[in-house]
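A.B. asks: Just the structure for this:
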Amino acid sequence: MQGILKNKFNIIVLLLFLAAGLCGVLHHELWRDEAQVWLVVRDLNIFGVFDHVRNEGHPLLWYIIVLPFAKIKLPVISMQILSFIFMSAAAGVFLWKSPFSKIAKLSVVFSAGFLYWLTIISRSYSLVPLFLFLLALYYPRQKEHPYIYSIFNILLANTHILMFGFSSALCILFGYENVFKTSENRKKYLAPFLINAVCLAITALYILSRPEDNVSAAVAPLSTISIAAVKNAVTGFFTNIYAESGISAWVGAICIIAGLVLLFAKDKRLFAVFGFSTLYQFYIYICVCKSSPEKAFLVLLTLVFCFQVVFDKLKNKEKTFINTLIVIIFGLSWNLGFHLYKNDFFYKYSGSKEAAQYIEKNIEKDAVIISNMTLTTAGVLAYLPERKFYVTAFNDYYTYGYKKFKMKKPQNFYSKKVYYIYSALEKPDKDKTVLFVSARDTLIPTEVFYIAKDK
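C.D. replies: A predicted model of the protein is given here:
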């Protein structure tokens, strides 16, 4: 009877999540960061994808998953559906396999990260929860299933560069406990450890081999790290999670610290893994790219991983304590999550789809459309599979963002009509006649688009 009631709760929660997630995905309009992945895999061949993605500073996994859907010319919403599917699978694994209380599970599944940031916004972050939760299931069974454990760890490392530190620490811990610390059954664990370590090394070398003109970030020297920089990163982290640095942030911080104290007492090695991963992520925030809600949420997910691994070691009161911490840490983001979800449902997140529809209906197929910078107009092109924007700096047509280009008047277009598309980052000059402006009240102000022609 208890099992039936438990499954009934899980089914109801999952169905609610599926309904909310699907409705949100269907109402969400892509913006440039989401569209960039789609354009890269849609418009480059496989070798071009492998060569370009290192410029993005990301692992390849998300691009490889999305690539087949783009190559068979499905609409871009198929990428959004993929994010939704991965997050739905993660929710299912968490509901059925995690040891936490019902209210704790509910708090996680309807937190801002699950409800909005990782489900509605289609990016590689959506891969993290599923592989992280599967890895948590196999962490206690890594000795019985070392290859499965290693494969999930490799997959997790290739979801996002922010998870690379966590996976690396787990790989080192696996090698220390099963290969270097003891000679018993060493041969059994040597191969999976080496596979794990080599794959992580290949991932690191691939990302670090990128050229200096990375489209998303530039690595700052270690001297950038200062007390002020750390303070700003910590403040930014909690602001991203709770949309404020006030009472919610303080309560969340206290709960996280309390959970870490208990983790330290129960499993110092796992505590070290979490500590290393968090320091690594904050290094990224300070020296590479600033924190964002999606990035900050990954820290909370790794904390849940640690709580799940040590849960069976806890006494009943300690289990209640952990469940309470999870409810507070994730429950505090509910208000923000529902606010973001509601706004995205009722308002335009971006003007990209609207601008694409105008182009499709009103601009000739053989006309030349000049983009002020392809990185900012990528969202529009994701909805235009048969179009490319001309970039005079390269004297060529481009879709995905690579560099910032200056607008130049095109030469030798003969009898073709010429139009210009601008994002709100750079509005049309006075010598242009504006033909179209997308909705100005988009949730991302820079995602307003202007289409113009010469006077």
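A.B. asks: Residue 119 and residue 128 touch, don't they?
C.D. replies: No - using CB atoms under 8 Å, residue 119 makes no contact with residue 128, being 11.9 Å away. (Glycine included, C-beta is placed from N, CA and C.)
A.B. asks: Need the overlap of contacts for those two.
C.D. replies: Common neighbours of residue 119 and residue 128, using CB atoms under 8 Å, 6 or more residues apart in numbering, do not exist here.
A.B. asks: So for the two, which residue has more residues nearby?
C.D. replies: Applying other CB atoms under 10 Å to residue 119 and residue 128 shows that residue 119 carries more neighbours, namely 29 against 26.
A.B. asks: Distance of that one relative to residue 340?
C.D. replies: Distance of residue 119 to residue 340, given as CB to CB, to the nearest Å: 11 Å.
A.B. asks: Quick one: the strands in this protein, in order.
C.D. replies: Applying DSSP state E to the chain gives strands spanning 368-371, 389-391, 396-398, 418-423, 432-437, 449-454.
A.B. asks: now these as a markdown table including mean neighbour count and mean pLDDT?
C.D. replies: Formatted as a markdown table, these follow (neighbours: other CB atoms under 10 Å; pLDDT from 0 to 100):
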| stretch | mean neighbour count | mean pLDDT |
| --- | --- | --- |
| strand 368-371 | 21 | 88 |
| strand 389-391 | 22 | 83 |
| strand 396-398 | 16 | 76 |
| strand 418-423 | 22 | 90 |
| strand 432-437 | 16 | 93 |
| strand 449-454 | 19 | 92 |
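A.B. asks: distance of residue 378 from residue 82?
C.D. replies: As judged by CB to CB, residue 378 and residue 82 stand 18 Å apart.
A.B. asks: ugh, wrong one, I meant residue 276
C.D. replies: Residue 276 is 31 Å from residue 82, by CB to CB.
A.B. asks: The stretch 201-350 of the chain: helices as residue ranges?
C.D. replies: Applying DSSP state H, counting those that start in this stretch to the stretch 201-350 of the chain gives helices spanning 227-242, 247-266, 268-287, 293-310, 316-331, 334-346.
A.B. asks: ranking the ones you listed by mean pLDDT, which is last?
C.D. replies: Mean pLDDT values for these show the minimum at helix 227-242, a mean of 88.
A.B. asks: Count the neighbours of residue 385 for me.
C.D. replies: Residues near residue 385, counting by other CB under 10 Å: 17.
A.B. asks: which non-adjacent residue is nearest residue 331?
C.D. replies: residue 107 (4.4 Å; CB to CB, 6 or more residues apart in numbering).
A.B. asks: contacting residues around that neighbour?
C.D. replies: If you count contacts by CB under 8 Å, 6+ apart, then residue 107 has 326, 327, 329, 330, 331, 334 around it.
A.B. asks: ok, 6 Å please
C.D. replies: By CB atoms under 6 Å, 6 or more residues apart in numbering, the residues touching residue 107 are 327, 330, 331.
A.B. asks: Which pLDDT value goes with residue 365?
C.D. replies: 89.
A.B. asks: follow-up on the earlier one: the residue nearest to residue 331 and residue 341, how far apart?
C.D. replies: For residue 107, the distance to residue 341 - CB to CB - is 16 Å.
A.B. asks: now do residue 356
C.D. replies: 24 Å.
A.B. asks: With residue 287 instead?
C.D. replies: To residue 341, residue 287 is 32 Å away according to CB to CB.
A.B. asks: likewise residue 318?
C.D. replies: 34 Å.
A.B. asks: Check residue 451 too.
C.D. replies: Where residue 341 is concerned, residue 451 sits at a distance of 30 Å (CB to CB).
A.B. asks: Which secondary structure element of the chain has the lowest mean pLDDT?
C.D. replies: strand 396-398 (a mean of 76; mean pLDDT, DSSP states H and E).
A.B. asks: gap between that strand and the chain center?
C.D. replies: 28 Å (CA atoms, centre = their mean, to the nearest Å).
A.B. asks: Over to stretch 156-167?
C.D. replies: Distance of stretch 156-167 from the chain centroid (CA atoms, centre = their mean) equals 11 Å.
A.B. asks: can you check stretch 172-191 too?
C.D. replies: 33 Å.
A.B. asks: Tell me which residues are up against it.
C.D. replies: Applying CB under 6 Å, 6+ apart, the contact partners of stretch 172-191 are 146, 193, 269, 273.
A.B. asks: So between residue 287 and residue 341, which is more surrounded?
C.D. replies: Neighbour count, other CB under 10 Å: between residue 287 and residue 341, residue 341 has more, with 22 against 18.
A.B. asks: can you pull the contacts of that one?
C.D. replies: 24, 115, 116.
A.B. asks: Same list, these, but as TSV with pLDDT, neighbour count and distance to residue 226 please.
C.D. replies: Shown next, in TSV, are the contacts of residue 341 (pLDDT from 0 to 100; neighbours: other CB atoms under 10 Å; distance: CB to CB, whole Å):
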residue	pLDDT	neighbour count	distance to residue 226
24	96	21	39
115	95	23	35
116	96	28	33
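A.B. asks: so of those, which ones are in helices?
C.D. replies: With helices taken from DSSP state H, the overlap with these comprises residue 24.
A.B. asks: Which stretches in the stretch 351-455 of the chain count as helices?
C.D. replies: Taking DSSP H, counting those that start in this stretch to define them, one finds helices in the stretch 351-455 of the chain at 352-362, 378-382.
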